[in-house]
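Enquirer: Take a look and give me a structure for this.
(one chain, ligands or ions: 1)
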Amino acid sequence: MQVRLDLRQRLDGADRHEATIPRAGVRPWSYAGSTRRSDDSRRRSRDAGTVSLQTSDVPGARSAVLAPAVRAVGLTKLHGTGDTAVRALDAVDVGFAAGRFTAIMGPSGSGKSTLVHCLAGLDTATSGRVLLGDTDLTALNDTELTLLRRDRLGFVFQAFNLLPTLDAEANVLLPLKLAGRRVDRRWFAEVVDVLGIGDRLRHRPSELSGGQQQRVAVARALINRPEVIFADEPTGNLDSRSGGEVLAILRTSVRELGRTVVMVTHDPVAASSADRVVMLADGHVAGEIADPTPDAVIDGLRRLGG
Ligand SMILES: Nc1ncnc2c1ncn2[C@@H]1O[C@H](COP(=O)(O)OP(=O)(O)OP(=O)(O)O)[C@@H](O)[C@H]1O
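Expert: Numbers count the residues shown, from 1 in each chain. Model (predicted):
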């Protein structure tokens, strides 16, 4: 417990900083959450829901107070060239606040994966910028992007992507090994404790349930203390109970470990675990939901025809 308190203090001091977000994006519609939610949840909503999307066309829109960990500025992405090119993202402006859990939703083909891949430096922008903190990813070469992904980002995929020949501990520590970095045993113990995989560290992936494998994958994503964790359909291969556990862990990563999570999902229940839902449609940000409930998310998708 002492470890966790120390950690939080460190995160509060070092990882979080106050700033004003430039005006960006539009919010054609938005929701407040249900009144059934707890005080804590409402507090999260107040803190999180108004953070990163600013209404450039709504008079009196407030400035946000938390800096985005990552943001897209005028981000456009064309897949292919010439007559067959597909405009997957069209001048998208959106920010994802540090220390918050954001879900990205939208109809199939709306650009969710393309957005996350560009934000994570896995795909290049056609025009516009992607900023991780102060670093412009669009100005980096392939080697620099590889190092940035290794050192500053974490990833959780639908297919857990664990190495089958390594046990759980070796999988978790792999990013540090690849980077030639020393293992911070205190942080490792903290992550293992929060994720509840302490008694599974000597098991190989084939000896773990899907939910346990995804916990190991989340631990691997956390081990570098990444600035942002990108999760692409992290519950897509899990039954609802295991999926719920993984979502709870992602929430814990944000609330107790101070991380920033950006998650693509098709599941309104999964999205309702987040502090905020950003809705995409046809390569645009079509709206957002603060303090989302499954019903509000379903309604939002219905409005978008998703
Ligand atoms: N490599 C590619 N080449 C050509 N078109 C692509 C490519 N990748 C994506 N697209 C197109 O770009 C658009 C956005 O795709 P994207 O995968 O980002 O959407 P999505 O919202 O993640 O969809 P889904 O929910 O079905 O996964 C779609 O029209 C898609 O067909």
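Enquirer: which ones are touching Val264?
Expert: The neighbours of Val264, taking Cβ atoms under 8 Å, 6 or more residues apart in numbering as the test, are Ala103, Ile104, Met105, Lys112, Ser113, Val116, Ala231, Asp232, Glu233. All C-beta atoms are positioned from the backbone trio N, CA, C, and that covers glycine.
Enquirer: all helices for the protein, in order.
Expert: 2-10, 39-48, 112-119, 142-152, 168-179, 185-195, 210-222, 240-255, 268-271, 294-304 (DSSP state H).
Enquirer: Any chance of TSV for the contacts of Val264, columns neighbour count and pLDDT?
Expert: Formatted as TSV, the contacts of Val264 follow (neighbours: other Cβ atoms under 10 Å; pLDDT from 0 to 100):
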residue	neighbour count	pLDDT
Ala103	28	97
Ile104	28	97
Met105	30	95
Lys112	24	95
Ser113	16	93
Val116	19	95
Ala231	29	93
Asp232	21	91
Glu233	19	90
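Enquirer: Near the ligand, list only the ones from those.
Expert: Lys112, Ser113 (Cβ under 6 Å from any ligand atom).
Enquirer: Could you tell me the least trusted of the helices of the chain?
Expert: Per-stretch mean pLDDT for those is lowest at helix 2-10 (a mean of 30).
Enquirer: so what's the most centrally placed residue in the chain bridging to?
Expert: Nearest to the mean C-alpha position of the chain, by Cα atoms, centre = their mean, lies Val262 at 1.4 Å. Bridge pairing for Val262 (DSSP bridges) gives the partners Thr102, Phe230.
Enquirer: Give me the pLDDT value at it.
Expert: At Val262, pLDDT is 97.
Enquirer: hang on, it packs against Val116?
Expert: Yes. Taking contacts as Cβ atoms under 8 Å, Val262 lies within contact range of Val116: 6.6 Å.
Enquirer: Can you pull the residues that touch both of these two?
Expert: Counting by Cβ under 8 Å, 6+ apart, the residues touching both Val262 and Val116 are Ile104, Phe230.
Enquirer: Quick check: residues of this structure near the ligand?
Expert: His79, Gly80, Val86, Ala88, Gly106, Ser108, Gly109, Ser110, Gly111, Lys112, Ser113, Thr114.
Enquirer: Can you tell me who the closest residue to the second one other than its chain neighbours pairs with across the strands?
Expert: Think Gly80. Using Cβ to Cβ, 6 or more residues apart in numbering and skipping the chain neighbours, the partner closest in space to Gly80 is Val86 (6.0 Å). Note on Val86: beta-bridge partners by DSSP bridges are His79.
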